[in-house]
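[1] Sequence first, then the predicted structure:
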Amino acid sequence: MAEFASPPLPHSAQASPAAAAGTGTGAGTGADVNVGVGVGAARGAGVGVGAWVGSAVGRGAGYLLQATDLHSHYGASHILHGIDFQIARAETVALMGRNGMGKSTLLRTMLGLVRATGGQVHVMGTNMTTAAPFQIARAGIAYVPEGRGIFPNLSVKENLIMAARAGRHGQADWTFERVMDCFPRLRERLAHGGAQLSGGEQQMLTIGRALMTNPELLILDEATEGLAPLVAREIWRIVAQIRQSGIATIIVDKNFAALSALADRIQILVKGRTAFSGAADALREQPELRQRLLGV
Amino acid sequence: MDFPTFLIQLLNSVQYALLLFLIASGLTLVFGIMGIINVAHGSFYMIGAYLAWSLTALTGHFWTALLIGTVLSVLLGFALEWLVIRYLYGRDLLYQVLLTYGLILVFEEVRSLLWGDDVRGVDIPGALASSLRLTDNLSYPVYRLAISVLCLALAAAMYWLIQKTRVGMMIRAGSANRQMVQSLGINVALLYRCVFALGVALAALAGMIAAPVSSVFPGMGNHVLIVCFVVVVIGGMGSIKGALIASLLIGLVDTFGKVLHLEIAGIHLLPELSSMSIYLLMAVILLWRPEGLFGAPGR
């Protein structure tokens, strides 16, 4: 499997309890996962230690979200075969892989929507493997599912305000007004039913709705699938803006160019196992590896 | 038919319709939002009526009985959802009908043990026991008007709750995509428990306020259940607005079907066939709109 050197990042030299915890866990995560893990932890440590270091207890304390040796099944078929995944504060991780390799299942298992049949999920150091999906969401994780998941029987405005909530630490930076400023096209459609929107507008609505929960981590499954290139570019611009605001993101998409520009790290799944985990640059320089893992 | 008689029949039909709406709204809400067909819903109406009778006897006060009865029926709703109904989510219709049919039998047995099998009556509360004089020899009981006013107020409150509040938005969103609502950090299980308890309380409340104008008897929920299903089917499964319109239609057709005389080619159609009238109405509406007046097509 692929092994790559961690590219030097400005924060990575800072030693902190969080970075130590992160590296410590990363070391034990199995052959498939490489040093890219440490990068995320270091970056997270550099950005916002203060808020959570006090409450950091137990395994994976340095990570917003961490899956360890995760297995899951759909009926009799074994989908995830022991995946390790972790994301630190303010980090952006791209999750890639061909169709049916387990990306959505990994996300849905970490979100509690699919029950893990083995392994553990920690959210900010708390074991939430068997927690209800709403508890995981309340811990600060917002989800933009594949196929959007807007409520077609609610108006655009209702879709947004029904989700409004202060974040885990009481932060309420993302107000209705701020979401409107971020998505001016939605402002013109507030009274429309959710089903009347175009695909791009639906995706903006779903992202806006996720932001209304003031999350620490935003999970975007198939961020631009089925969208026209111009609309997709708009979504990428918004995602970059969200990243800038300090929210960590996990993005699933097919667009390697767009993802590699945004992501601190790329993790590739093949048949429910991690086939690559590391910096985007490392993957960019190896087109034959990319071809083998992604078919692009 | 002279005008005062017509007015009285109209008021009767509206009062009957609004009472029906109170029961049917819970049925359609639980179906539309939780996807549960609850054939035991009529039992809550009966339980409400018996609660009104026994609690009035106990406290000597109808309004106190109404208050305590409402609280008890909310608790019953919570308990029932937790014990039974939550195992039915997402299951086949057959399981739902079988289990909730079983509940009817349980409720009838418990009713028999607790309150016996006799027909009971509840006195109209003192303050509303008078009548409004319409003409020299026709009058209308104030209590029946009060029923209509109370039902209208509850309908308005329910509209406000479902359409205007954030909880209502969550409930409606849950009917479209339960998982997504959960992933927004909302405890859908608790929300549904509340919705179910609300449905139980509305049906029981209908039984309580109907108790003084109709007698309280075993199996009184079963007839009401069938009419409520007609209401829900005509209005469109899951639509509160549809339930209101359908209740009014049924109230009018049922009441006037019994008092009008209609004879075509020497054959008496009304009132002789009045017991069929609401089913005929349902058949005609379903031929025109198979999904009901306000139902979502393809559901």
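    All right, it came through fine.
[2] okay, now residue A:105: neighbour count?
    One way to gauge burial is a neighbour count; for residue A:105, by other CB atoms under 10 Å in any protein chain shown, it gives 21. All C-beta spots, glycine's among them, are computed from the backbone N, C-alpha and C.
[3] Return the helix or strand where it lies as PDB; C-alpha atoms alone will do.
    When secondary structure is defined using DSSP states H and E, the element that contains residue A:105 is helix A:103-110. Presented in PDB, the C-alpha positions along helix A:103-110 are these (Å, rounded to 0.1, in the frame of the first residue of the first chain):
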ATOM      1  CA  LYS A 103     -17.700   5.900   1.200                       C
ATOM      2  CA  SER A 104     -21.400   6.600   2.000                       C
ATOM      3  CA  THR A 105     -21.600   3.600   4.300                       C
ATOM      4  CA  LEU A 106     -18.500   4.900   6.200                       C
ATOM      5  CA  LEU A 107     -20.100   8.300   6.600                       C
ATOM      6  CA  ARG A 108     -23.500   6.800   7.600                       C
ATOM      7  CA  THR A 109     -21.900   4.400  10.100                       C
ATOM      8  CA  MET A 110     -20.000   7.200  11.700                       C
END
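[4] same for that helix, what does it pack against?
    Applying 3 or more CB pairs under 8 Å, 6 or more residues apart in numbering or on different chains; DSSP states H and E, one finds that helix A:103-110 contacts strand A:65-74, strand A:77-87, strand A:92-96, strand A:116-123, strand A:248-252.
[5] who touches the third one?
    Contacts with strand A:92-96, where a contact means CB atoms under 8 Å, 6 or more residues apart in numbering or on different chains, come from A:40, A:87, A:103, A:106-107, A:243, A:248-254, A:256, A:259-260, A:262-269, A:280, A:293-294.
[6] ok, 7 Å please
    By CB atoms under 7 Å, 6 or more residues apart in numbering or on different chains, the residues outside strand A:92-96 that reach it are A:40, A:87, A:103, A:243, A:248-252, A:259, A:262-269, A:294.
[7] The second one now?
    For strand A:77-87, the surrounding residues in contact (CB under 7 Å, 6+ apart) are A:29-30, A:33, A:37, A:40, A:60, A:63-73, A:93, A:102, A:105-106, A:109, A:119, A:217, A:248, A:250, A:267, A:272-274.
[8] Would you agree residue A:151 is in contact with residue B:176?
    Yes: distance between residue A:151 and residue B:176: 4.7 Å, which falls inside the contact criterion (CB atoms under 7 Å).
[9] Settle it for me: which of those two has more neighbours?
    Neighbour tally, residue A:151 and residue B:176, criterion other CB under 10 Å: the higher count belongs to residue A:151, 28 against 18.
[10] where does that one land in three-state SS?
    Three-state secondary structure (criterion: DSSP: H, G, I helix; E, B strand; the rest coil) places residue A:151 in coil.
[11] Show the contacting residues for it.
    By CB under 7 Å, 6+ apart, residue A:151 lies in contact with A:159, A:194, B:173, B:176, B:177.
[12] Go again with 10 Å.
    For residue A:151, the residues meeting the contact criterion (CB atoms under 10 Å, 6 or more residues apart in numbering or on different chains) are A:158-159, A:162-163, A:193-195, A:205-206, A:209, B:169-170, B:172-177, B:180-181, B:184.
[13] For it, which non-adjacent residue is closest in space?
    Computed as CB to CB, 6 or more residues apart in numbering or on different chains, the closest residue to residue A:151 that is not its neighbour in sequence is residue B:173, at 4.2 Å.
[14] Not counting sequence-adjacent ones, nearest residue to whatever residue of the stretch 151-296 of chain A ends up closest to chain B?
    Of all residues in the stretch 151-296 of chain A, residue A:162 sits closest to chain B, at 3.7 Å by CB to the nearest CB. For residue A:162, ignoring the flanking residues on the chain, the nearest one in space by CB to CB, 6+ apart is residue B:169 at 3.7 Å.
[15] Could you dump the helices and strands packed on helix A:103-110 into a markdown table with mean neighbour count, mean pLDDT and distance to residue B:58 added?
    Conversion of those to a markdown table gives the following (neighbours: other CB atoms under 10 Å in any protein chain shown; pLDDT from 0 to 100; distance: least, CB to CB, whole Å):
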| stretch | mean neighbour count | mean pLDDT | distance to residue B:58 |
| --- | --- | --- | --- |
| strand A:65-74 | 21 | 94 | 55 |
| strand A:77-87 | 21 | 94 | 59 |
| strand A:92-96 | 26 | 95 | 63 |
| strand A:116-123 | 19 | 95 | 51 |
| strand A:248-252 | 26 | 96 | 60 |
